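**Student:** got a structure for you, letters missing:
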């Protein structure tokens, strides 16, 4: 029959065993070879046990290594006057060159769910309506929720239109009025 060991007792025994191993650092077998290896080649460096007060924390992150996790570059083409261009979006906190940074961040936040790819393409073999949403295309790159993003969007059928519309206003709404010159007819 198995003996059940209370979790507190197991933690205390494990901690005591670790302390014994750390305290016996000089008795580590590598220490015996440190001096003996001099005749055969380079000596092994003696193992130094952990000393109280020494920090086990990793070194601080340098400022140049810090990368915002939620940054997207959106390039839109053929969406109409005032909607085409390349825009930067930084979220949490929101900033960038996108015309509606807060709305863009909100659209992506709204569509982000644990375990799913926010920018995944429409499923292969899906049943989509045969309607055309126009020539607009978009390319979204960057990082979102710590994961790389490289997604393309168009409006060639009902599935692609629905996928695009989920990310409005990150992607422009083709039906919205825009400022700027009217497209040539």
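**Tutor:** All right, it came through fine. Just so it is clear, the structure is predicted and the values come from calculations on it, not from any experiment.
**Student:** any idea whether residue 104 is helix, strand or coil?
**Tutor:** What DSSP: H, G, I helix; E, B strand; the rest coil gives for residue 104 is helix.
**Student:** surely it meets residue 95?
**Tutor:** No: applying Cβ atoms under 8 Å, one finds residue 104 not in contact with residue 95, separated by 11.0 Å. All C-beta spots, glycine's among them, are computed from the backbone N, C-alpha and C.
**Student:** Spell out which residues are contacts of both of those two.
**Tutor:** Shared contacts of residue 104 and residue 95, defined by Cβ atoms under 8 Å, 6 or more residues apart in numbering, are absent.
**Student:** State the next helix or strand along the chain beyond the helix or strand bottoming out on mean pLDDT in the chain.
**Tutor:** The least trusted helix or strand in the chain, going by mean pLDDT, DSSP states H and E, turns out to be helix 29-36, with a mean of 48. Where DSSP states H and E defines the elements, the next helix or strand beyond helix 29-36 is strand 71-77.
**Student:** For that next one, which outside residues touch it?
**Tutor:** For strand 71-77, with Cβ under 8 Å, 6+ apart as the criterion, the contacting residues are 83-91, 98, 104, 108, 136-144, 149, 170-172.
**Student:** Show only the entries of those found in helices.
**Tutor:** Those of the contacts of strand 71-77 mapping onto helices are 104, 108, per DSSP state H.
**Student:** Can you flag the buried ones in the contacts of strand 71-77?
**Tutor:** 83-84, 87, 89-91, 98, 104, 108, 136-138, 140, 142, 144, 149, 170-172 (16 or more other Cβ atoms under 10 Å).
**Student:** got any ranges where the chain has weak pLDDT?
**Tutor:** 1-57, 61-68, 178-185 (pLDDT under 70).
**Student:** got the contact list for stretch 78-95?
**Tutor:** The contact list for stretch 78-95 (Cβ under 8 Å, 6+ apart) reads 68-77, 96-99, 101-102, 104-105, 108-109, 134-138, 142, 170, 172, 174, 178-183.
**Student:** Correction: the previous question concerned stretch 97-115.
**Tutor:** With contacts defined as Cβ under 8 Å, 6+ apart, stretch 97-115 is touched by 70, 72, 74, 87-92, 94-95, 118, 144-145, 166-170.
**Student:** Next step: those residues restricted to strands.
**Tutor:** 72, 74, 87, 88, 89, 90, 95, 144 (DSSP state E).
**Student:** Looking at those residues, which one is closest to residue 59?
**Tutor:** Nearest to residue 59 among these: residue 90, at 25.9 Å, using Cβ to Cβ.
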